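Enquirer: here you go, sequence then predicted model.
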Amino acid sequence: MSGWAGSTRAQRLPRDWPARRKATKERAGGRCEGVDLAGTGTRTHVADCSGIGSECDHDQRGDDHSLSNLRWLSAECHQAKTIAERPTRARPKPSHPGLI
């Protein structure tokens, strides 16, 4: 299943999204701009980053499509950022069988 399945994200993109995506890629020179997974303001690349950007991503989640909020990322850095942004779900602790 695609990450876009069931999402309204594509409909919420501005009409000039292709131009914004292109401008983001050109600004980055086609190279991955890295991600700030630690929240320190410093961008780094994940260990398996190819250095070649291929995806346009929003720095801050939501619908701010301004160029200042867009980054050009490698597939590897984008995937790591997406995983880091997923909410963690606390799993209930199973009861010990001897306590039932």
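Expert: Yep, it's here. Numbering: from 1, shown residues only.
Enquirer: could you pull out the helices in the protein for me?
Expert: 9-12, 17-27, 75-85 (DSSP state H).
Enquirer: got the ones you listed as TSV, with mean neighbour count, distance to E33 and mean pLDDT columns?
Expert: Backbone N, C-alpha and C define where each C-beta goes, glycine included. TSV is the format used below for these (neighbours: other CB atoms under 10 Å; distance: least, CB to CB, whole Å; pLDDT from 0 to 100):
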stretch	mean neighbour count	distance to E33	mean pLDDT
helix 9-12	9	21	80
helix 17-27	14	9	97
helix 75-85	17	8	93
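Enquirer: got a markdown table for those, with distance to G62 too?
Expert: A markdown table is the format used below for these (distance: least, CB to CB, whole Å):
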| stretch | distance to G62 |
| --- | --- |
| helix 9-12 | 10 |
| helix 17-27 | 15 |
| helix 75-85 | 11 |
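Enquirer: out of those helices, which is closest to S95?
Expert: helix 75-85 (30.1 Å; CB to CB).
Enquirer: who does the closest one touch, helix- and strand-wise?
Expert: strand 55-58 (3 or more CB pairs under 8 Å, 6 or more residues apart in numbering; DSSP states H and E).
Enquirer: and the strand it packs on, which strands flank it?
Expert: Within its sheet, strand 55-58 is paired with strand 70-73 (antiparallel), according to DSSP bridges.
Enquirer: if I look at C77, how far off is N69?
Expert: 16 Å (CB to CB, to the nearest Å).
Enquirer: which of the helices and strands in this structure ranks last by mean pLDDT?
Expert: Sorting the helices and strands of the chain by mean pLDDT, DSSP states H and E puts helix 9-12 at the bottom, at a mean of 80.
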